[in-house]
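[1] just a sequence and a predicted model for now, questions to come.
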Amino acid sequence: MGMMITAGIAGAQDTVPGLTGSGPEASVASAPTAISLKGQRHVMAHRAVTFRGRVAPGGKHRVMVRVGGHKLRTHSRAGGGYRVTWRSPASGVFTARARVDGSSVRSHRLPVNAYRPAEASYYGPGLYGGGLACGGTLTSGKLGVANKTLPCGSRVTLRYHGHTVTVPVIDRGPYAGNREYDLTAATKAKLGFPSTGTVLTTR
């Protein structure tokens, strides 16, 4: 059963440091001690995603968010809040981290999964006890996927209707239609996936 998945999976700019005014209304921002980072963990590849956070204590500071090999620069507002927008260049697993420019103040790391749709099916019944192309034996509780080209052991994050699972490539296939993945029965159950359909993948 083919399915269409609509994923509502939700500007960097050069700025000047500090306050731009002068005279009695201008003041120097306090030295930053912390910076937070929030953003969507699950997004569609090539779609815009917004990262936001806050520098403490408040004030205008230069902020850089590094993600997917890109450096996104902005500045915090007087209250310390900031935001930047990024588009993933492809599907994959990326890590975002914010830093206050000119300081050692950094946020925690935020993993971001960027997905693309792929046709998939599942396999298992009637094949349990048989060998796997990547080694081992197929069982009803085995987590993993079959794929024709990804190296054995490659980790693949799959998402279906809000359910996410990360599993290894354990076998070769599928060899029917235009399907890219064969899910084991255990993987299918964790995702709530039907017999065939469209799944979101980071690979």
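    The structure has been received and is ready for your questions.
[2] determine the longest strand present in this protein.
    Under DSSP state E, the strand in the chain containing the largest number of residues is strand 110-123.
[3] buried set for that one?
    110, 112-123 (16 or more other Cβ atoms under 10 Å). C-beta: built from backbone N, CA, C; applies to glycine.
[4] could those go into TSV alongside distance to Thr33?
    Output for the buried residues of strand 110-123, formatted as TSV (distance: Cβ to Cβ, whole Å):
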residue	distance to Thr33
Leu110	20
Val112	26
Asn113	31
Ala114	32
Tyr115	36
Arg116	40
Pro117	43
Ala118	44
Glu119	50
Ala120	47
Ser121	52
Tyr122	51
Tyr123	54
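[5] low-confidence regions, this structure specifically.
    1-29 (pLDDT under 70).
[6] centroid-nearest residue for it?
    By Cα atoms, centre = their mean, the mean C-alpha position of the chain lies nearest to Asn113, the distance being 1.5 Å.
[7] circling back: helices or strands up against the helix or strand just after the longest strand of the chain?
    Using DSSP states H and E, the helix or strand that directly follows strand 110-123 along the chain is strand 145-146. Counting contacts by 3 or more Cβ pairs under 8 Å, 6 or more residues apart in numbering; DSSP states H and E, strand 145-146 packs against strand 163-171, strand 181-184.
[8] C-alpha coordinates for the longest one, CSV please?
    As requested, the backbone C-alpha atoms of strand 163-171 are provided in CSV (Å, rounded to 0.1, in the frame of the first residue of the first chain):
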residue,chain,number,x,y,z
HIS,A,163,7.9,6.9,15.6
THR,A,164,11.7,6.8,15.2
VAL,A,165,14.2,3.9,15.3
THR,A,166,17.9,3.7,14.5
VAL,A,167,19.0,0.3,13.2
PRO,A,168,21.9,-1.3,11.3
VAL,A,169,22.0,-2.6,7.8
ILE,A,170,22.1,-6.4,8.3
ASP,A,171,21.2,-7.9,5.0
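[9] and the contacts of it?
    Residues outside strand 163-171 that contact it (Cβ atoms under 8 Å, 6 or more residues apart in numbering): 42, 113, 132-134, 136, 138, 142-147, 150-158, 182, 184, 187, 190-192.
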